[in-house]
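[1] 3D model of this:
(2 chains)
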Amino acid sequence: MGYRYFGSCRKFTKHVSVTNFHIVNFPFHSRSRQPCSFLHSTTSIGSPPSLRALHGHYFKKGSLQILNSANYLLTLYVKSSNLDHAHKLFDEITHKNTQTWTILISGFARAAGSSELVFSLFREMQADGACPNQYTLSSVLKCCSRENNIQFGKGIHAWILRNGVGGDVVLENSILDLYLKCKEFEYAESFFELMIEKDVVSWNIMIGAYLREGDVEKSLEMFRNFPNKDVVSWNTIIDGLIQCGYERLALEQLYCMVAHGTEFSPVTFSIALILVSSLSLVEVGRQLHGRVLTFGLNSDGYIRSSLVEMYGKCGRMDKASTILKDVPLNFLRKGNFGVTCKEPKARMVSWSSMVSGYVWNGKYEDGMKTFRSMVCELIVVDIRTVATIISACANAGILEFGKQIHAYIQKIGLRIDAYVGSSLIDMYSKSGSLDDALMIFEQIKEPNVVLWTSMISGCALHGQGKEAISLFEGMLNLGIIPNEVTFVGVLNACSHVGLIEEGCRYFRMMKDTYHINPEVEHYTSMVNLYGRAGHLIEAKNFIFENSISHFTSVWRSFLSSCRLHKNFNMGKSVSEMLLQSAPSDPDAYILLSNMCSSNHQWDEAAIVRSLMYQRGVKKQPGQSWVQLKDQIHSFTVGDRSHPQDKEIYSYLDSLIGRLKEIGYSLDAKLVMQDVEEEQGEVLISHHSEKLALVFSIINTSPRTPIRIMKNLRICNDCHNFFKYASQLLEREIIVRDTHRFHHFKQSSCSCGEYW
DNA sequence: ATAGGGTTAG
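    Numbering: from 1, shown residues only, chains lettered A, B, ... in the order given. Got it, this is the predicted structure:
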């Protein structure tokens, strides 16, 4: 498994490491009965055209005024998601009864974006003299809880109390859900306590609500103490744990579920597939796939989309593509309404997972092609799906593709909300175009904390510390409450430009004013802040005062600072700790070895390197890529596979010569001791970013900025090389490495020599 | 008729 850029990961880090995770056979029960009986019980009713024929027939006979026939037809329209036709038929019915109103209201209540219609229908219903029953009320309540309309919901609750319709467990569950979704927890809890009859749904609602709030302990306790768990209870707890970031706990619960003898539902499969793909348990994923096929569940659109995502994340795009295209033939013919109404959504998700999958796997051209065929096949994407794709582009740093999607959004007239806005800002700033990011930021009408945070983090990434801070202050002035992610951005911004006092002040503000417990990112940023400024003793004290010496990223940052400030004694005394706590982290060895080399301790550097090889620790191969028109050109060190190979190498040689004339020198010691490369042959002159640079020079017009992405930190020599190149060629060179952007201009770099 | 399946920022 190679390293990839994951949309869900923090910064440009590698995928979660699961090397110490045992792959075991998934303990499915062999005595499984029909796991998903409802798939077989779905009634098969005619397709929409035949419904319209039936409608015409009834209309001619005048039997639409016979309520039973009219209501029956109305039900058929609603069940087949033909809400427009249902509404027209509804208007034709002159004498409506409670059932007529209820069928239409519950139909619209299930659909998204029709809440206003539901509320007005409900008012008309009462004005018409029809009395709402429990079904009507639950439907309207569902609508309220989805739209967070507590006002209208409370009105209904009051109406229920006034009219004494209460006491029904289903209705009370709807009320409970409403208060929980609207975050009125105290009231909801006492309501739950006072419910005379609680069923499994009531418990599931409570457990799900605690998980949405991130209260894992409370929900787990409730879940464990509840004896009558059903499959939804398990699904709720497993999915909730995943959402809260407790993937392993979720997997544990999945195994418990099997041990408990609870059969999987289609939802379980869907959740389980996403879970195993985020843990990279490919083998378990394949077993699940087999199980899905055994049960004939591959016709479920949601399951197919989870399979596409799983294979995409495992790098098996071939498999993902097969699943995307192999829609079972019997599927559309079956006229299975339960499935059809979900199908467009599921198709959309599958296609977008496919696009993101290609991007994650570095197959950008395939990603773009897939996106284009998706548009050609008239698959409508919603705003949130687009956000996912843009986020994948952001992590890959593929500006051109991101721009195309941005253009597509504008073309189809999707309103750019805070969701898509944040992903666009992230995409533009991670692709090196901070100006475009700022432009988006200014366009968004309803900003939220995520939007501000993406802009702040974008500035931090480009070393624009002052701008990040003024944005942050502006956000506070608007009364937007920062969260832990916002502070990561602010602290990073401070550390990138050495604003120690401000950084310390914001760190205190985070703890004291906003009561946010610092996480490893905040601590690392603080250590970076002190270390970069040369306050190594403060950094070390900070590490011990906060008992954060078990975090490897903290030591990594500290070691970088030791190297920067040439404090070798300090560096060596901590590097052992780093090696101990992270014996399989290649960066630890490289940092230590580089530091020894810089201090002319060649023997020690060699020892560190051989230790690394002995322990089987492998450095991830360096890779740089640039985008030219529609194509991504990717290079590894000493790469000779590019069609323009000869041209690139001869230009590179002459460029090295010309740069040497203006002062560039290749540090011989660095060449000898360079451990960035493990191939034995020293190829520092042919590092991937140099190849990418030369390729761009050859293929683009003079003076246009060059943007290069790299999956590792840029090395000392390349950094130096690029500075001279920017001077000689009078071009701006923008390099994104794993930590930040470097803007090379007129022989200097925006990072101020610290990275 | 009530609960559960992909959703932006580190």
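
[2] buried set for the helix or strand harbouring residue A:541?
    Under the criterion of DSSP states H and E, residue A:541 resides in helix A:536-545. Buried residues in helix A:536-545, counted by 16 or more other CB atoms under 10 Å: A:536, A:538-540, A:542-543. C-beta here means a position set from N, CA and C on the backbone, and glycine is covered the same way.

[3] please see if the next helix-or-strand element following that helix touches DNA strand B.
    Downstream of helix A:536-545, the first helix or strand assigned by DSSP H and E is helix A:552-564. No - counting by CB under 7 Å from any atom of the strand, DNA strand B is not contacted by helix A:552-564; separation bottoms out at 11.3 Å.

[4] I'd like to check the angle between helix A:552-564 and helix A:536-545, please.
    170 degrees (axes from the mean of the first three to the mean of the last three CA atoms, to 10 degrees).

[5] can you map out the helices along the stretch 651-755 of chain A?
    Under the criterion DSSP state H, counting those that start in this stretch, the stretch 651-755 of chain A contains helices at A:668-673, A:688-699, A:716-729.

[6] in a strand, residue A:481, correct?
    No - assigned with DSSP: H, G, I helix; E, B strand; the rest coil, residue A:481 falls outside any strand and is coil.

[7] that one - how many residues pack around it?
    Residue A:481: 10 surrounding residues under other CB atoms under 10 Å.

[8] grab the nearest non-local neighbour of it.
    Once flanking residues are discounted, residue A:481 sits nearest to residue A:449: 6.5 Å by CB to CB, 6 or more residues apart in numbering.

[9] residue A:628 is in contact with residue A:700, correct?
    Yes - the pair residue A:700 / residue A:628 is scored as a contact, 7.2 Å apart, by CB atoms under 8 Å.

[10] how about the helices in the stretch 51-200 of chain A?
    A:67-79, A:83-92, A:98-110, A:115-127, A:134-147, A:150-163, A:169-181, A:185-194, A:200-212.

[11] and those as TSV, adding mean neighbour count?
    Below are the helices of the stretch 51-200 of chain A laid out as TSV (neighbours: other CB atoms under 10 Å):
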stretch	mean neighbour count
helix A:67-79	19
helix A:83-92	17
helix A:98-110	22
helix A:115-127	16
helix A:134-147	22
helix A:150-163	16
helix A:169-181	22
helix A:185-194	14
helix A:200-212	21
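
[12] out of those, which gets nearest to residue A:232?
    Nearest to residue A:232, of all the helices of the stretch 51-200 of chain A, is helix A:200-212, at 5.3 Å by CB to CB.

[13] beyond that closest one, next helix or strand please.
    helix A:216-225.

[14] circling back: could you dump the helix holding residue A:541 to PDB, C-alpha only?
    C-alpha atoms of helix A:536-545 as PDB (Å, rounded to 0.1, in the frame of the first residue of the first chain):
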ATOM      1  CA  LEU A 536      15.000  25.800  22.600                       C
ATOM      2  CA  ILE A 537      15.000  25.700  26.400                       C
ATOM      3  CA  GLU A 538      11.500  27.100  26.500                       C
ATOM      4  CA  ALA A 539      10.400  24.600  24.000                       C
ATOM      5  CA  LYS A 540      11.900  21.700  26.000                       C
ATOM      6  CA  ASN A 541      10.300  23.100  29.200                       C
ATOM      7  CA  PHE A 542       7.000  23.400  27.500                       C
ATOM      8  CA  ILE A 543       7.200  19.800  26.400                       C
ATOM      9  CA  PHE A 544       7.800  18.500  30.000                       C
ATOM     10  CA  GLU A 545       5.400  21.000  31.700                       C
END
